[in-house]
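In: Sequence and predicted model, in that order:
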Amino acid sequence: MELAVFMLWAAYLLDLIIGDPRWIPHPVIGMGNGIKRLEKKIRSRVSLPADLKKVGILLPVIIVGGSFLLIWALLKGLYMIHPWIAVVAEVVFIATTIATKGLKDAGMEVYGHLNRGDLPAARKALGMIVGRDTHHLDEPEIVRGTVETVAENIVDAIVSPLFFALIGGAPLAMAYRAVNTLDSMVGYKNDKYINLGWASARLDDIANYIPARITGVLLVVSSWLMRLDYKRSVRTIKHDARLHPSPNSGFPESAVAGALGIRLGGENIYHGEVSFRAYMGEGSRPMGKEDIIATVRLMLLSSLLFLLLSVLVIVVFGGTLWR
């Protein structure tokens, strides 16, 4: 078996089994602390909007470039000690860039509260994984928020890191995680970050461009395998994917909406302000809590399909770009 195949599958299964235990230091925490310190230093020296826009390029250069170089140098050192120590370390590093278990558990926690009729607990659980206000939501809106965030994060939390691990191993997967962490911290189009965070936001859009479209196709295939309406999933991607404000998130969300026959999008409230997001899907029936389970199953099946696709790529090309 190609070593690269073993490492991708081992990393995926490791994350699926143990997730991200809090007692193990996670690289994202280090990235977050680094971003905060760098932002503080930049803002102490730069204040004009035009200058912030120029300096904003430094954030991805330092954080993303630094993450890549740190993991690359660490693995080089470990390979010099013993190749299998480095292989184990690389599997663990790749696993930390994936969040299949975390995403599944988060979605199923909301479902569990809804199934017990505990709306306050469901709202609180949803509030832990979305940015919108959740304290006023009824059950259909809680389901919509959960389905939307699980669908959207199939790209960010699973397919994209595996895609970059396939191309460049743990260093490139970790660089992608840095891109995604930067976007989640400074990639906002508000007064505070519109200038400083523009480069980080654009880099995240570019990094996810191909994985998001691959995910759309995988979700259609998964819909077919699960005997859902895969033809409607294709139609919804064609019609609605580009209506999403993100150039990438519309592909997984519209694919799921079409497969399940539900309508995503609509009004969300962020810090008291109403924001409207374009509708996705025909909405041939009302949403129910069982749609969360169906979305989680689509997530798991599409991620497994990506791994199988990776094996095919490795076999056809005789290995990956990094080994």
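Out: Yep, that arrived.
In: Tell me which stretches of the stretch 151-300 of the chain form helices.
Out: 160-186, 198-225, 230-240, 250-260, 290-317 (DSSP state H, counting those that start in this stretch).
In: Give me the residue at the spatial middle of the chain.
Out: Asp156 (1.7 Å; C-alpha atoms, centre = their mean).
In: that older thread, let me have the helices of the stretch 151-300 of the chain in CSV, adding distance to Val64 and mean neighbour count as columns.
Out: Where you see a C-beta, it was placed from the backbone N, CA and C, and this is true even at glycine. Shown next, in CSV, are the helices of the stretch 151-300 of the chain (distance: least, C-beta to C-beta, whole Å; neighbours: other C-beta atoms under 10 Å):
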stretch, distance to Val64, mean neighbour count
helix 160-186, 5, 25
helix 198-225, 7, 21
helix 230-240, 29, 20
helix 250-260, 23, 30
helix 290-317, 23, 18
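In: could you dump those helices to TSV with distance to Asp133?
Out: Formatted as TSV, the helices of the stretch 151-300 of the chain follow (distance: least, C-beta to C-beta, whole Å):
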stretch	distance to Asp133
helix 160-186	18
helix 198-225	22
helix 230-240	24
helix 250-260	20
helix 290-317	20
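In: picking up where we left off before, nearest spatial neighbour of the residue nearest to the centre of the chain, chain-adjacent residues omitted?
Out: In space, not counting the residues next to it along the chain, Asp156 is nearest to Asn180; the distance is 5.5 Å by C-beta to C-beta, 6 or more residues apart in numbering.
In: what separates the residue of the chain positioned farthest from its centre from Thr96, distance-wise?
Out: For the chain, the largest distance from the centre (C-alpha atoms, centre = their mean) belongs to Ile81, which lies 33.7 Å off. Separation of Ile81 from Thr96 (C-beta to C-beta, to the nearest Å): 21 Å.
In: rewinding a little: my read: the residue nearest to the centre of the chain touches Asp205, true?
Out: No. Applying C-beta atoms under 8 Å as the test, Asp156 and Asp205 come out as separate, 11.7 Å apart.
In: Pull up the overlap in contacts between the two.
Out: With contacts taken as C-beta atoms under 8 Å, 6 or more residues apart in numbering, not a single residue reaches both Asp156 and Asp205.
In: coming back round to it: double-check the residue nearest to Asp156 against Leu203; I have them as touching.
Out: No. Between Asn180 and Leu203 there is no contact, the gap being 9.7 Å when judged by C-beta under 8 Å.
In: remind me which residues of this structure are low pLDDT?
Out: 1, 318-323 (pLDDT under 70).
In: Residues in contact with stretch 10-24: which ones?
Out: 26, 91-92, 94-96, 98-102, 105, 162, 165, 303, 307.
In: Are any of these buried, and if so which?
Out: Buried members of these, counted by 16 or more other C-beta atoms under 10 Å: 91, 94-96, 98-101, 162, 165, 303, 307.
In: buried residues in stretch 132-147?
Out: Neighbour-count burial for stretch 132-147 [16+ other C-beta under 10 Å]: 132-134, 137, 141-147.
In: which residue sits closest to Val92 in space, ignoring its chain neighbours?
Out: Leu14 (7.1 Å).
In: could you say which helix or strand contains the one you found?
Out: helix 3-18 (DSSP states H and E).
In: which other helices and strands contact whichever helix or strand comes after that helix?
Out: Next helix or strand after helix 3-18 toward the C-terminus (DSSP H and E): helix 27-45. Applying 3 or more C-beta pairs under 8 Å, 6 or more residues apart in numbering; DSSP states H and E, we find helix 27-45 packed against helix 58-81, helix 83-97, helix 160-186.
In: Of all those, which one is nearest Ile237?
Out: Closest to Ile237 of those is helix 160-186 (C-beta to C-beta; 17.9 Å).
In: so how far is that closest one from its chain's centroid?
Out: In terms of C-alpha atoms, centre = their mean, to the nearest Å, the centre of helix 160-186 is set 10 Å apart from its chain centre.
In: can you list the residues that contact stretch 37-44?
Out: 52, 55, 58-59, 62-63, 186, 196.
In: out of those, which are buried?
Out: 52, 55, 59, 63, 186, 196.
In: on that earlier part again, pick out whichever of the contacts of stretch 10-24 sits closest to Trp9.
Out: Using C-beta to C-beta, the contacts of stretch 10-24 come closest to Trp9 at Leu307, 6.2 Å.
In: OK, contacts around that closest one?
Out: 8-9, 12, 162.
In: nearest to Ile314, of those residues?
Out: Using C-beta to C-beta, these come closest to Ile314 at Leu8, 8.2 Å.
In: Identify the residues contacting the closest one.
Out: 94, 162, 165-166, 307, 310.
In: And Val155, by the same measure?
Out: Val155 neighbours (C-beta under 8 Å, 6+ apart): 208, 211-212, 215, 248-249, 251-252.
In: In JSON lines, list the contacts of Leu8 along with distance to Lys231.
Out: Converted to JSON lines, the contacts of Leu8 look like this (distance: C-beta to C-beta, whole Å):
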{"residue": "Ile94", "distance to Lys231": "35"}
{"residue": "Leu162", "distance to Lys231": "27"}
{"residue": "Ala165", "distance to Lys231": "32"}
{"residue": "Leu166", "distance to Lys231": "29"}
{"residue": "Leu307", "distance to Lys231": "25"}
{"residue": "Ser310", "distance to Lys231": "27"}
